[in-house]
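K.L.:
coordinates only, sequence not included:
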């Protein structure tokens with residue numbers, strides 16, 4: 001049985017300027033900390049309609065506040081008719097079940113606590129759920145997608161760390177979860193999207209990957225996209241000028257939302 005606890009759900013709006021922000025705070029059995037999720041419900045839901053959901057994951061060192069500081073999520077929520085939810089990845093969870101930190105199982109926490117809370121507490125059309133993220137969150141979005149394909153219609157990544165060994169914090173943050181980076185440490189391959197493309201293929205659903213041509217992760221993203229294409233995965237790969245920075249992610253977010261919008265009420269996928 002799926003078991004989750006909602007410690008606090010705030011449905012009243014906290015108004016900052018013209019943007020209404022809503023929060024829920026969740027605690028479950030799979031992670032030692034409570035997770036704050038900031039979310040936006042579109043005006044389209046006012047009449048009782050159920051709406052598609054987009055989950056946005058933040059990057060390394062960030063929090064649930066990162067995406068709202070990059071883009072006007074309330075505007076995009078209304079523009080596209082999506083509920084947009086930003087969970088907290090606890091700065092450096094990498095959205096994985098840590099092989100070394102047995103109490104830090106973020107993937108299980110998402111499956112058992114976060115997703116059920118979003119599904120059951122918000123007016124979500126569960127046939128229209130999408131996930132994306134930036135950097136660490138780009139890796140995490142595809143990771144959670146491949147582990148729970150039944151939850152999602154499609155997934156995306158922006159500047160994603162497709163091979164964890166390519167991360168700039170491989171020897172610090174990731175070593176804490178995976179152990180020392182070495183050819184003999186299988187945790188690095190097991191937990192990297194680059195070496196689990198067969199799981200994406202098994203999901204049989206579309207993905208979109210964006211990376212800036214001046215990003216230090218560009219070679220990793222190009223390789224990932226090439227391997228996906230070779231395996232027949234339904235992938236849209238978009239490369240454009242940009243670095244590993246907020247201004248690039250602000251430009252790419254509406255591109256990904258437009259991609260997701262194509263699959264809303266489209267029974268062909």
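P.N.:
Great, that's in hand. Nothing here was measured: the structure is a model prediction, and the numbers come from that model.
K.L.:
tell me the centre residue of the protein?
P.N.:
Centroid check for the chain by Cα atoms, centre = their mean gives residue 141 as the closest residue, at 3.3 Å.
K.L.:
That one and residue 135, how far apart?
P.N.:
Separation of residue 141 from residue 135 (Cβ to Cβ, to the nearest Å) stands at 11 Å. Yep, even glycine has a C-beta here, placed from its N, CA and C like the rest.
K.L.:
Check residue 35 too.
P.N.:
Residue 35 sits at a distance of 19 Å from residue 135 (criterion: Cβ to Cβ).
K.L.:
can you give me the strands in the stretch 51-200 of the chain?
P.N.:
Secondary structure of the stretch 51-200 of the chain (DSSP state E, counting those that start in this stretch): strands located at 51-57, 83-86, 124-133, 154-158.
K.L.:
What are the contacting residues of the longest one?
P.N.:
Residues from elsewhere that reach strand 124-133 (Cβ atoms under 8 Å, 6 or more residues apart in numbering): 50-59, 82-83, 95, 118-119, 138-141, 144-145, 151-158, 160, 208, 256, 260, 263-265.
K.L.:
Could you dump the strands of the stretch 51-200 of the chain into JSON lines and include distance to residue 75, mean neighbour count and mean pLDDT?
P.N.:
As requested, the strands of the stretch 51-200 of the chain are exported to JSON lines (distance: least, Cβ to Cβ, whole Å; neighbours: other Cβ atoms under 10 Å; pLDDT from 0 to 100):
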{"stretch": "strand 51-57", "distance to residue 75": "14", "mean neighbour count": "27", "mean pLDDT": "98"}
{"stretch": "strand 83-86", "distance to residue 75": "10", "mean neighbour count": "26", "mean pLDDT": "98"}
{"stretch": "strand 124-133", "distance to residue 75": "17", "mean neighbour count": "23", "mean pLDDT": "97"}
{"stretch": "strand 154-158", "distance to residue 75": "18", "mean neighbour count": "29", "mean pLDDT": "98"}
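K.L.:
Figure out which of these is closest to residue 25.
P.N.:
Nearest to residue 25, of all the strands of the stretch 51-200 of the chain, is strand 83-86, at 13.1 Å by Cβ to Cβ.
K.L.:
got a pLDDT number for the residue lying farthest from the centre of the chain?
P.N.:
In terms of distance from the mean C-alpha position of the chain, residue 184 ranks first, at 28.9 Å (Cα atoms, centre = their mean). pLDDT, residue 184: 95.
K.L.:
The residue nearest to the centre of the chain: what's it in contact with?
P.N.:
55, 57, 95, 131, 132, 133, 155, 156, 157, 160.
K.L.:
all helices for the protein, in order.
P.N.:
With DSSP state H applied, the chain shows helices at 66-70, 73-80, 106-109, 115-121, 136-147, 173-178, 187-190, 197-203, 218-230, 246-261, listed in chain order.
K.L.:
rewinding a little: dump the strands of the stretch 51-200 of the chain to a markdown table, plus distance to residue 190.
P.N.:
Listed next are the strands of the stretch 51-200 of the chain as a markdown table, based on distance: least, Cβ to Cβ, whole Å:
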| stretch | distance to residue 190 |
| --- | --- |
| strand 51-57 | 20 |
| strand 83-86 | 27 |
| strand 124-133 | 20 |
| strand 154-158 | 19 |
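K.L.:
Would you mind saying which of the ones you listed lies nearest residue 41?
P.N.:
When the strands of the stretch 51-200 of the chain are compared by Cβ to Cβ, strand 83-86 sits nearest residue 41, at 5.4 Å.
K.L.:
From the chain's centroid, how far away is the closest one?
P.N.:
Remark: strand 83-86 is offset 10 Å from the chain centroid, using Cα atoms, centre = their mean, to the nearest Å.
K.L.:
Find the least confident helix or strand in the chain, judged by mean pLDDT.
P.N.:
Ranking every helix and strand in the chain by mean pLDDT, DSSP states H and E puts strand 5-16 at the bottom, with a mean of 39.
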